[in-house]
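Visitor: what would the 3D arrangement of this be:
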Amino acid sequence: MADYILAIDQGTTSSRAIIFDKRGSIVATGQLEHEQIFPKAGWVEHDPMEIWRNTREVTGQALGKADLTRHDIAAVGITNQRETAVVWDKNTGEPVYNAIVWQDTRTQPIVDRLAADGGVERFKQDVGLPLATYFSGTKIVWILENVPGAREKAEAGDLLFGTTDCWVLWNLTGGTDGGVHATDVTNASRTLFMDLATLEWRDDILAAFGVPRSMMPAIKASSEVYGTVEPSSLLREVPVAGILGDQQAATFGQAAFDPGESKNTYGTGNFLIFNTGEEIVHSRNGLLTTLGYKLGDDKPHYALEGAIAVTGSLVQWVRDNLGLISNASEIEDLAKTVDDNGGAYFVPAFSGLFAPYWRPDARGALVGLTRYVHKGHIARAVLEATAFQTREVLDAVNADSGVDLTELKVDGGMIANNTLMQFQADILGVPVVRPVVAETTALGAAYAAGLAVGFWSSLDELRANWQEDSRWEPKMDPAERDRQLRLWKKAVTKTFDWVDEDVSHG
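Guide: Here you go, the predicted structure:
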């Protein structure tokens with residue numbers, strides 16, 4: 001009897017394989033980081049072949065640590081960095097270019113070109129997204145227009161596109177020898193090409209972008225059997241049965257299945273997802289309308305999402321570019337050397353501002369500096385930036401949904417930072433709650449796969465797995481909260497209009 005589910009979590013900085021038991025507890029983990037490639041300012045790439053090699057290796061690591069074989073694994077689930085685009089030759093299995101990562105801003109001229117007819121909200125009513133460099137659609141266009149021979153190969157039907165879930169699935173199920181070319185509704189909803197109502201690719205939008213339909217994967221449910229693992233793998237013949245984009249997977253892993261439930265993930269960026277059920281809610285306040293999940297033949301669940309580009313990656317930047325710390329975890333100790341930010345506010349608009357502003361012309365700013373400010377204050381301002389940005393997204397969710405959030409479920413790497421979590425509760429004015437299993441992204445993918453093969457019987461069984469670990473109650477005086485928010489919003493305005501004709505988008 002197969003007693004476990006294996007989740008592949010193909011993230012922005014690393015690929016992981018995590019094995020879960022029936023209770024949703026972690027049995028074993030394998031993890032490998034991959035290279036972050038920065039060819040020019042504003043360009044961010046990954047090597048898809050390195051990602052695939054690492055995926056195979058971490059799977060072996062996890063199975064080895066747990067002393068398990070394929071016979072112990074009931075199904076494989078996949079979760080992934082959502083908007084990162086891979087284009088490859090279906091005959092050779094070789095990518096025609098590096099994966100262009102969701103943070104990459106090189107496609108702004110393509111966005112501007114497409115927005116010339118109808119503005120950045122040209123397709124938003126149909127696809128839920130504004131035209132922005134963030135989404136994978138413009139990345140495909142850049143590859144077709146800039147990689148020699150790519151356009152011709154694509155027109156001949158020889159090139160395939162996929163987000164990294166699709167790339168992993170295709171290789172996992174055989175690659176050039178019958179690999180399954182498919183993605184799920186959550187990842188498809190991040191391309192700019194999928195109609196929210198029909199869950200199908202829009203031929204007219206593909207034509208407007210100049211992307212051949214033949215490149216696009218089949219759109220499937222988030223929980224169904226897509227295929228089985230190819231014969232040479234350690235997991236041969238195990239069904240691959242769940243795919244969820246990382247933020248939707250984290251929401252699923254938090255058991256936020258019903259309308260009004262939400263979660264916030266603190267990772268490279270921050271992503272708040274608010275479940276709107278079977279209703280498509282169009283945001284009036286700078287949020288994205290996206291797919292939450294779709295289980296088999298059931299109706300899809302939709303969500304509002306607030307995407308923040310730079311949170312955890314700001315801590316990495318302070319470590320790698322400034323050298324103020326040597327390890328990301330040291331940011332909390334440095335921040336605790338001071339009682340407040342000393343009047344300094346750090347707006348990390350490194351690749352423009354995402355929700356709720358959508359300002360590609362913005363760039364990062366550290367404001368309010370005096371001779372009094374030292375590295376402890378800067379460290380605190382770095383952490384507070386994450387909390388302030390989250391508050392602005394939550395305000396937008398409350399305005400769009402008409403329902404005020406009463407508590408915030410959190411997950412992701414930064415929730416280990418107690419100083420940040422307390423400040424988050426303070427600046428929100430509502431409790432912040434951390435679950436026992438913080439690896440909710442991989443857990444969500446495991447849940448989707450397990451439901452498809454009957455490993456778990458129902459959403460109620462998954463709800464019963466969720467357990468609270470820690471809770472932070474707000475302690476800040478409301479007048480002080482209002483003062484800090486006012487200063488933060490003032491700081492944000494200082495980042496606007498930096499990029500113009502004389503300043504690169506990079």
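Visitor: packing partners for the helix or strand encompassing N275?
Guide: According to DSSP states H and E, N275 maps onto strand 270-277. Secondary-structure packing of strand 270-277 (3 or more Cβ pairs under 8 Å, 6 or more residues apart in numbering; DSSP states H and E): helix 246-253, strand 262-266, strand 288-293, strand 301-308, helix 375-401. All C-beta atoms are positioned from the backbone trio N, CA, C, and that covers glycine.
Visitor: do that again at 6 Å, thanks
Guide: Strand 270-277 sits against helix 246-253, strand 262-266, strand 301-308, helix 375-401, with contacts defined as 3 or more Cβ pairs under 6 Å, 6 or more residues apart in numbering; DSSP states H and E.
Visitor: and the longest one, how far from the chain's centre?
Guide: A distance of 18 Å separates the centroid of the chain from that of helix 375-401, by Cα atoms, centre = their mean, to the nearest Å.
Visitor: got JSON lines for the helices and strands packed on strand 270-277, with mean pLDDT and distance to P348 too?
Guide: Shown next, in JSON lines, are these (pLDDT from 0 to 100; distance: least, Cβ to Cβ, whole Å):
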{"stretch": "helix 246-253", "mean pLDDT": "93", "distance to P348": "19"}
{"stretch": "strand 262-266", "mean pLDDT": "90", "distance to P348": "14"}
{"stretch": "strand 301-308", "mean pLDDT": "92", "distance to P348": "9"}
{"stretch": "helix 375-401", "mean pLDDT": "93", "distance to P348": "6"}
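Visitor: can you put the ones you listed in JSON lines and add mean neighbour count and distance to R70?
Guide: Formatted as JSON lines, the helices and strands packed on strand 270-277 follow (neighbours: other Cβ atoms under 10 Å; distance: least, Cβ to Cβ, whole Å):
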{"stretch": "helix 246-253", "mean neighbour count": "32", "distance to R70": "23"}
{"stretch": "strand 262-266", "mean neighbour count": "26", "distance to R70": "30"}
{"stretch": "strand 301-308", "mean neighbour count": "26", "distance to R70": "32"}
{"stretch": "helix 375-401", "mean neighbour count": "22", "distance to R70": "40"}
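Visitor: next one: stretch 382-402 to chain centre, how far?
Guide: Centroid displacement of stretch 382-402 relative to its chain, using Cα atoms, centre = their mean, is 17 Å.
Visitor: apologies, that question was intended for stretch 408-424.
Guide: Worked out by Cα atoms, centre = their mean, stretch 408-424 lies 17 Å from the chain centre.
Visitor: what mean pLDDT does that stretch have?
Guide: What stretch 408-424 shows for mean pLDDT is 93.
Visitor: quick check: buried residues in it?
Guide: Going by neighbour count (16 or more other Cβ atoms under 10 Å), the buried part of stretch 408-424 is 408-415, 417, 419-424.
Visitor: repeat for stretch 21-29
Guide: For stretch 21-29, by 16+ other Cβ under 10 Å, it's G24, I26, V27, A28, T29.
Visitor: now, which of these sits nearest R481?
Guide: Comparing the buried residues of stretch 21-29 against R481 with Cβ to Cβ places G24 closest, at 35.2 Å.
Visitor: is it correct that the closest one is in contact with W466?
Guide: No: judged on Cβ atoms under 6 Å, G24 makes no contact with W466 at a distance of 7.9 Å.
Visitor: start to end distance for stretch 113-130?
Guide: 14 Å (Cα to Cα, to the nearest Å).
Visitor: give me the contacts around it.
Guide: L131, F135, L192, D195, L196, I205, L288, T289, T290, W358 (Cβ atoms under 6 Å, 6 or more residues apart in numbering).
Visitor: of those residues, which belong to strands?
Guide: Judged by DSSP state E, the subset of the contacts of stretch 113-130 located in strands is L288, T289, T290.
Visitor: residue contacts, the first one?
Guide: Yep, that's L288 we're talking about. Counting by Cβ under 6 Å, 6+ apart, L288 makes contact with G128, L129, E305.
Visitor: and which of the residues you listed is nearest A156?
Guide: Taking Cβ to Cβ as the measure, A156 lies nearest L129 of those, at 29.3 Å.
Visitor: just confirm that closest one is within a helix.
Guide: No: the assignment for L129, made by DSSP: H, G, I helix; E, B strand; the rest coil, is coil rather than a helix.
Visitor: any idea how far it lies from A449?
Guide: According to Cβ to Cβ, to the nearest Å, L129 and A449 sit 27 Å apart.
Visitor: these two: which is more packed in?
Guide: A449 (34 against 25; other Cβ atoms under 10 Å).
Visitor: what angle sits between the helix or strand harbouring the more buried one and strand 262-266?
Guide: In this assignment (DSSP H and E), A449 forms part of helix 440-452. Angle, helix 440-452 to strand 262-266, by axes from the mean of the first three to the mean of the last three Cα atoms, to 10 degrees: 130 degrees.
Visitor: which helices and strands sit right next to helix 440-452?
Guide: strand 4-10, strand 73-80, strand 223-228, strand 239-245, helix 246-253.
Visitor: that one: how far from the chain's middle?
Guide: Put simply, helix 440-452 sits 16 Å off its chain's centre (Cα atoms, centre = their mean).
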